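Visitor: Got a predicted structure here, sequence first:
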Amino acid sequence: MTDAFRHKIEKLLNHSSLPREQLEHELHDLEQMLQEEIKRRQEAESLANLFSLALEQAGDAIMITDRDANIEFVNHTFCQLTGYRYEELIGKNPRILNSMAQSDEVYSEMWETITSGKTWRGKLIERRKDGSFYPAATSIAPVRNRLGEITHFIAVQHDASERQQLEERLRQSQKIETLGTLVGGVAHDFNNLLTGMAGNLFIARRRISPDSTASVSIGNAEKVVDMASDMVKQLLRFARQEETTVHPFSFMPFMREAIKLASISIPESISITHRFCNEEFMICADATQIQQILMNLFVNARDALEDSGKSDMRITLEVNCITPEEELRQFMADPGAERYMQMSVTDNGIGIPAELMDRVRKPFFTTKEAGRGTGLGLSMIINSTQAHGGYVDIESTQGEGTTIHIYLPVASSDTDQEEREADDQTLFHGMGQTILLVDDDPVVRLTGHTVLESLGYRVIEARDGLEAQSIFISHIDDISLVMLDLVMPNMGGFEAARRIQAIKPDMPTIYVTSHARSDITESPDADAIVLHKPYKVFELSRIVFEQLRL
């Protein structure tokens, strides 16, 4: 009730002897004032309701506490973000959300700021009711009464997960880019060494009896070179996130090598065992993505073990070929496949609480403390598996460990491929044609020279593109084919080939490189013949023979 309205009533009561006409006038004024008062109250009530609805339905989480930091109000978004119900928060202290990710100094500085009448802004890592963490961009401001006294504090939190995820992706991308550059440099030198080893092993094998003990040893060394070559390729693809085409390949030989790469990230305090089925089968997949799936499975298992505090820490990898039951088949992205590869990774770590099983599949969900993990590992595993027509099943018991099963369709047997692999062992010989061999690595030149001569060719060497151009002009009528390393000092293979072909357009050319295509500033056309080091002698003999036949 306003002062004017109260004064009007008192005046009428004290002058009840007023003339009727004046009294009616006063009553009319009183009625108008009463209507205005009701209208003001309705507007105030409507505005209060609007403020209440706005706070309740705001997209950001809002919390209001009293002067002693006891929670008096939280909105719906705050409950959604933290996982607490309204009644579980009222009367509690905000420290219920403390993740221990911040030091006590942060909270002391925050309290000192807001009690002095200023607004505090910053980023906090908070803990939800289920124990998981979330980053919160937070603003806390004091609320004053008409006398200027601080009576409450209002905190507004914005879930900064998306921004943090983008920042984390950027950091990971930068790390991978740096790793790719490092791996690329190491792979270049390593592939040159492997090329020299493979060539010399080939030559040594031809100079001894096939039945000798030394021949067996050389054969084993050749297998080691092949394994090392495949591992370098996997490292390059993994570090550079290169896309590869989906193709059928024998799964068990791949897994025997893949586990070696995945085990690199596991400390010696964790024992790794594997049980592989005896059956050989093929899957149609992107080998790099399968390698990444295994890497992520091992990393997740490692983290679960390191957080368990157990002394006996174990990771077990098991691979089988199965015919799934109908109950399991209905979950497959490709339910038409008859048989499936089952790859299972088991750890005896902390396990997953039952209440979190539905959430662990979601992108960016993680219960790891701040700074550990992006929550993308399992999501990547699921997405990649589904893209290959497979399914991911998770079994876990809190405190005992977790098993993640990966199911992928088994490809039909490919006898043609086996025949092609047998054909790859055929050697093709020349008839004295001259080859210009251009490479800046003396070991590669010497090995290549010896191998080509053993295949029936004459060889002229050049150390770079400039020397190759000069030699070609001097021996233009003798040279039948040019083999050029793509990346060399002074002049690379692409520019040298361009100049040679300007002199003799139909000159057969084979490019050789130990670099990834993305590392080469000037690359030949997609239909050019490119040999990647370390190449097999059988492959080299076939390609040279085919080029000279044109």
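Guide: Looks like it arrived, so ask away. Numbers count the residues shown, from 1 in each chain.
Visitor: Show me the helices in the stretch 301-450 of the chain, by range?
Guide: Counting by DSSP state H, counting those that start in this stretch, the segments of the stretch 301-450 of the chain that form helices are 326-329, 377-387, 415-423, 442-454.
Visitor: could you dump the shortest one to CSV, C-alpha only?
Guide: So the one you mean is helix 326-329. Extracted C-alpha coordinates of helix 326-329, given in CSV (Å, rounded to 0.1, in the frame of the first residue of the first chain):
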residue,chain,number,x,y,z
GLU,A,326,21.0,-64.2,-33.5
GLU,A,327,20.8,-62.1,-30.3
LEU,A,328,24.2,-60.7,-31.0
ARG,A,329,23.8,-60.5,-34.8
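Visitor: Going by neighbour count, list what's buried in that helix.
Guide: 328-329 (16 or more other C-beta atoms under 10 Å). The C-beta positions use only the backbone N, C-alpha and C, and glycine is treated the same way.
Visitor: ditto for the last one
Guide: Using 16+ other C-beta under 10 Å as the burial criterion, the residues of helix 442-454 that qualify are 444-449, 451-452, 454.
Visitor: Contacts for it, please.
Guide: Residues from elsewhere that reach helix 442-454, judged by C-beta atoms under 8 Å, 6 or more residues apart in numbering: 192-193, 195-196, 199-200, 202-203, 206, 430, 435, 437, 439, 459, 461, 463, 483, 485, 533, 537, 540, 544.
Visitor: what's the burial count for Glu279?
Guide: Other residues within reach of Glu279, judged by other C-beta atoms under 10 Å, total 12.
Visitor: Same check on the one 10 residues further on?
Guide: Look at Gln289: counted by other C-beta under 10 Å, it has 21 neighbours.
Visitor: mind listing what it touches?
Guide: Neighbours of Gln289 in contact, by C-beta under 8 Å, 6+ apart: 384, 387-388.
Visitor: Give the rounded mean pLDDT of the helix or strand containing it.
Guide: Element membership of Gln289 [criterion: DSSP states H and E] is helix 287-306. Throughout helix 287-306, pLDDT has a mean value of 86.
Visitor: Using PDB, write out every CA atom in that helix.
Guide: The C-alpha trace of helix 287-306 is given here as PDB (Å, rounded to 0.1, in the frame of the first residue of the first chain):
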ATOM      1  CA  ALA A 287      44.300 -51.400 -41.700                       C
ATOM      2  CA  THR A 288      45.300 -48.000 -40.200                       C
ATOM      3  CA  GLN A 289      41.900 -47.600 -38.500                       C
ATOM      4  CA  ILE A 290      42.100 -51.200 -37.100                       C
ATOM      5  CA  GLN A 291      45.600 -50.300 -35.700                       C
ATOM      6  CA  GLN A 292      44.100 -47.200 -34.100                       C
ATOM      7  CA  ILE A 293      41.300 -49.200 -32.600                       C
ATOM      8  CA  LEU A 294      43.800 -51.500 -30.900                       C
ATOM      9  CA  MET A 295      46.000 -48.600 -29.800                       C
ATOM     10  CA  ASN A 296      43.000 -46.900 -28.100                       C
ATOM     11  CA  LEU A 297      41.900 -50.100 -26.500                       C
ATOM     12  CA  PHE A 298      45.400 -50.600 -25.000                       C
ATOM     13  CA  VAL A 299      45.600 -47.000 -23.800                       C
ATOM     14  CA  ASN A 300      42.200 -47.200 -22.100                       C
ATOM     15  CA  ALA A 301      43.200 -50.400 -20.400                       C
ATOM     16  CA  ARG A 302      46.500 -48.900 -19.300                       C
ATOM     17  CA  ASP A 303      44.700 -45.900 -17.700                       C
ATOM     18  CA  ALA A 304      42.200 -48.200 -15.900                       C
ATOM     19  CA  LEU A 305      45.100 -50.300 -14.500                       C
ATOM     20  CA  GLU A 306      47.200 -47.300 -13.400                       C
END
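Visitor: the domain parsing of this structure - what is it?
Guide: 3-57, 61-159, 161-208+232-242+424-550, 244-416 (automatic domain parsing).
Visitor: before we move on, back to that, quick check: helices, which of the contacts of helix 442-454 are part of them?
Guide: Counting by DSSP state H, the part of the contacts of helix 442-454 found in helices is 192-193, 195-196, 199-200, 202-203, 206, 537, 540, 544.
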